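Trainee: Fold the following.
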Amino acid sequence: MTDSKYFTTTKKGEIFELKSELNSDKKEKKKEAVKKVIASMTVGKDVSALFPDVVNCMQTDNLELKKLVYLYLMNYAKSQPDMAIMAVNTFVKDCEDSNPLIRALAVRTMGCIRVDKITEYLCEPLRKCLKDEDPYVRKTAAVCVAKLYDISSSMVEDQGFLDQLKDLLSDSNPMVVANAVAALSEINEASVSGRPLVEMNAPTINKLLTALNECTEWGQVFILDALSNYSPRDAREAHSICERITPRLAHANAAVVLSAVKVLMKLMEMVSADTELVSTLSRKLAPPLVTLLSAEPEVQYVALRNINLVVQKRPDILKHEMKVFFVKYNDPIYVKLEKLDIMIRLASQANIAQVLGELKEYATEVDVDFVRKAVRAIGRCAIKVEPSAERCVSTLLELIQTKVNYVVQEAIVVIKDIFRKYPNKYESIISTLCENLDTLDEPEARASMVWIVGEYAERIDNADELLDSFLEGFHDENAQVQLQLLTAVVKLFLKRPADTQELVQHVLSLATQDSDNPDLRDRGFIYWRLLSTDPAAAKEVVLADKPLISEETDLLEPTLLDELICHISSLASVYHKPPTAFVEGRGAGVRKSLPSRGVVAEETSTQQPTVIPNQESLIGDLLSMDIGGPPPAPAPSSNVDLLAGGLDVLLGGGPEPGASAAAVPGGASGLLGDIFAVSAAPASYVPPKQCWLPADKGKGLEIWGTFSRQNGQPRMEMTFTNKAMQPMTGFAIQLNKNSFGVYPVGGLAVGAVGAGAGAEAALPLATHGPVQRMDPLNNLQVAIKNNIDVFYFACLIPAHILFTEDGQLDKRVFLTTWKEIPAANEVQHTLSNVVGTADSIAQKMTLNNIFTIAKRNVEGQDMLYQSLKLTNNIWVLLELKLQPGNPEATLSLKSRTVEVATCIFQAYEAIIKS
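Mentor: Residues are numbered from 1 along each chain as shown. I've put the predicted structure just below:
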């Protein structure tokens, strides 16, 4: 008979009957009763009243019964903590049982019972089990330490369990080593300080690599994850580790393979890109990634999401494996779409013929979403691989001839982008597009067609009739189509004013008087005023040359991509979001990044991803003023934003905002020249000195100090005054661990200071020392020693001296990052008593390594978009709103680590008022 009998009962007084059965003298009856209790507990019945009776059943040699009782205890101990104490003696006794299974079961159960009173009794049995002769007990005890740390971290540290756990890394049994690694990783993530509790060194890594070959597959995953957090001392050590990990790529378990890929991807960053090791690893990484695509669809999807990251970081790894990403007829839609995305990323001149053939086939599939993406992919290939553009356009025209509605509409959307990428090349196909005007019913396709008609109105004889047909149902159109119609009719009027005056008046009237959409109304009013006051200016604005469109691949922002590479084989790599975006609580704030190497950094900069942003993006709209040009007149500045298609000005050509002062030639003009000119480079802001140690607390020693940043290095500048009656000698300084890893470089250069005398000292600082979170974040604890005593004081590091010189983001990266960071990570602050213009404030900020990416004027408000980077590689994006004549300004901050916001706001206040 099956166990289902325990779940069916019609007896009355069930609790009473179970109670009597639990107290029966017959072992079998007692076991049956406990099974019924567990069954009732499983279906949600409250059987806590039987707690004492079930606990009495613990005194048994029957392993099955003991497991059932322990299961009951884990469930009800929290609600019955006083009664749970009754079980402690049995736990302690079981931890010394001759049977290792019972010893392990007892220590595991004690670790799962989250009751403080029981936790106190767990320490001694756990200590014994960590040194047990049986490896099964030791590996169970290792996991129990992590559980205990979760309940009481101080107890684990005080009782020395961490040291015992570290000792288990040298255990002879590989599974014990794996569990010890897993426990230490769990504890490190839960650590409040954010610093690793066990430092990985070469001997420890060697032990882990030795155990890697012998432990189970999940043990290997734990060890590989631990290895991914280790940074080798040099390229030679990285080479050695790579050789010992590479065999894991052939493992049958996909988790082991992806964990090995993660470690190797990180180690490849440690060696020069042109070495033989990198090319060898690139060849070896391809087969295991391809093999993952022969698994079931769910595993394929996870593999494809991870492969997507690998291809973005190192496209060479899979450049010869295009065929494996061709879609199969029985692939689920989510696998098809991922494969399609990777195909476009791998498309090149060498394989474009194959790719186009496949995409053309996909466009005849029955799945509408897949067909749409396939048609869009053909357009992306045309933009990415220039020699293939003509073939792509021919393929799109063939698809348009099929007259399949959704195929035609997608084709028109991508052809609009092709026109922008290759102006004056393929406009001969416009007549074919116009034939399909009546079949368009989707907003994006209609908007694209309207844009084409307006942009090439001089080539279309009946352009006015075509646009007039759209105006009949103007108020029923989507806002996107209405905006395009308005702009297209104005373009048509500027090109053929004689016969379209009535049409333009009609559309301006519809946009300004009959519309509730503020965007449409504002644009209509600006066109109206431009056309009525200065038609020549209107022509310059509306018919201005548009920057060429960039390659449309939704590449991840480089710093985010590096972070996600460190999270391969985890949920972050599937979501393509950092853990902070979807995990709350412990471990969520620990940010990983790839090690930086000069060679790798240089390579990355040459392959800077280019992105076609969404034209409806609010951020793009706000940032559409290019800082590189001369300051525009107020009226056209609004028109540039409203008429130029959103992001194109920001993402177009023209000079980049100066990467450094040295890069700007002496004759630079406009805002860029004002901010970055170096003719008489002023120094960065140095706060006035404060009294850090008063004489009454320093036994006559008084210290005044401040911080500065010179030549890219932070410094402590101090004035020592001896107000005692005796000379002071033997000065030395020590800084406590702090949030930014600040520590002194060299000693304190202060000689003997006589009575009543003083001395100045400048102490260079570095920022890669031990880290410990302080409160507030920029708090620095200092110890000064001399021949009299040791004196302690604390001071606050001004955040701006931790802003690095490489904190200027590319405009595209700024835009992508702003959109990637969740809205919850945005903080606002009001700055008071602000004096100066936007330009003078931008100049001040640049001197302090806060770089202005773009500037524009919105409704009389000056908007500055700025970026900075802290010495611990935390990026911060900022938006500063200034109202001329208003002493208050609004500062919005976005960062993946918002804890730094308070320090940044304080720095802004200080710099602006300096």
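Trainee: which outside residues touch the helix or strand harbouring residue 263?
Mentor: Taking DSSP states H and E as the definition, residue 263 sits inside helix 254-268. With contact meaning C-beta atoms under 8 Å, 6 or more residues apart in numbering, helix 254-268 is reached by 217-218, 220-221, 224-225, 227-228, 232, 238, 241-242, 245-246, 248-249, 251, 277-278, 281, 285, 288-289, 291-292, 295, 299, 302-303, 306, 310, 313-314, 565-569, 594-595. Bear in mind the C-beta positions are built from the backbone N, C-alpha and C, glycine included.
Trainee: repeat for stretch 144-161
Mentor: 107-108, 110-112, 114, 116, 119, 122-123, 126-127, 129-130, 162, 164-165, 182-184, 186-187, 190-192.
Trainee: Select only the buried ones of the contacts of helix 254-268 in PyMOL?
Mentor: In PyMOL, this line selects whichever of the contacts of helix 254-268 come out buried by 16 or more other C-beta atoms under 10 Å:
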select buried, resi 220+221+224+225+227+228+232+238+241+242+245+246+248+249+251+277+278+281+285+288+289+291+292+302+303+306+310+313+314+565+566+567+568+569+594
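Trainee: follow-up on the earlier one: could you give the mean pLDDT of the helix holding residue 263?
Mentor: When pLDDT is averaged over helix 254-268, the result is 91.
Trainee: Quick check, central residue of this protein?
Mentor: residue 578 (3.7 Å; C-alpha atoms, centre = their mean).
Trainee: got the contact list for that one?
Mentor: Residues near residue 578 by C-beta under 8 Å, 6+ apart: 560, 563, 564, 567, 572, 591, 896.
Trainee: can you check residue 212 too?
Mentor: 174, 220, 223, 224, 244, 245, 248.
Trainee: And the nearest residue to residue 233 once chain neighbours are set aside, how far from residue 163?
Mentor: Spatial nearest neighbour of residue 233, chain neighbours left out: residue 202 (7.3 Å); criterion: C-beta to C-beta, 6 or more residues apart in numbering. For residue 202, the distance to residue 163 (C-beta to C-beta, to the nearest Å) stands at 20 Å.
Trainee: still on that earlier bit, and the residue nearest to the centre of the chain, how far is that from residue 566?
Mentor: From residue 578 to residue 566 the distance is 10 Å (C-beta to C-beta).
Trainee: Check residue 710 too.
Mentor: 34 Å.
Trainee: Equivalent analysis for residue 733, please.
Mentor: Between residue 733 and residue 566 the distance is 36 Å, computed by C-beta to C-beta.
Trainee: Can you give me the buried ones in stretch 491-500?
Mentor: 491, 492, 493, 494, 495, 500.
Trainee: What distance do you get for the first one to residue 804?
Mentor: Residue 491 sits 46 Å away from residue 804 when distances are taken as C-beta to C-beta.
Trainee: What segments of the stretch 201-350 of the chain are strands?
Mentor: In the stretch 201-350 of the chain, no strands are found when defined by DSSP state E, counting those that start in this stretch.
Trainee: quick one: low-confidence parts of it?
Mentor: Residues of the stretch 201-350 of the chain meeting the criterion pLDDT under 70: none.
Trainee: now swap in the stretch 651-800 of the chain and tell me
Mentor: 651-682.
Trainee: Going along the chain, name the helices of it.
Mentor: In the stretch 651-800 of the chain, the helices defined using DSSP state H, counting those that start in this stretch lie at 670-676.
Trainee: Strands of that one, residue ranges please.
Mentor: So, for the stretch 651-800 of the chain - with DSSP E, counting those that start in this stretch - the strands run 690-693, 701-710, 713-722, 732-735, 743-744, 758-766, 779-785, 790-796.
Trainee: Ok, which of those strands comes nearest residue 269?
Mentor: With C-beta to C-beta as the criterion, residue 269 lies closest to strand 758-766 of the strands of the stretch 651-800 of the chain, at 22.5 Å.
Trainee: Run me through the strand neighbours of that closest one, direction for each.
Mentor: With DSSP bridges as the criterion, the sheet partners recorded for strand 758-766 are strand 713-722 (antiparallel), strand 743-744 (antiparallel).
Trainee: May I see the buried residues of that strand?
Mentor: Here strand 758-766 shows 759, 761, 763, 765 as buried, counting by 16+ other C-beta under 10 Å.
Trainee: send the alpha carbons of that strand over as PDB?
Mentor: In PDB, the C-alpha atoms belonging to strand 758-766 read as follows (Å, rounded to 0.1, in the frame of the first residue of the first chain):
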ATOM      1  CA  GLY A 758      54.900  74.200  14.000                       C
ATOM      2  CA  ALA A 759      55.400  72.000  10.900                       C
ATOM      3  CA  GLU A 760      53.600  71.400   7.600                       C
ATOM      4  CA  ALA A 761      53.200  67.900   6.100                       C
ATOM      5  CA  ALA A 762      51.600  66.500   2.900                       C
ATOM      6  CA  LEU A 763      50.900  62.800   2.900                       C
ATOM      7  CA  PRO A 764      50.200  61.100  -0.400                       C
ATOM      8  CA  LEU A 765      47.400  58.600  -0.300                       C
ATOM      9  CA  ALA A 766      46.500  55.500  -2.300                       C
END
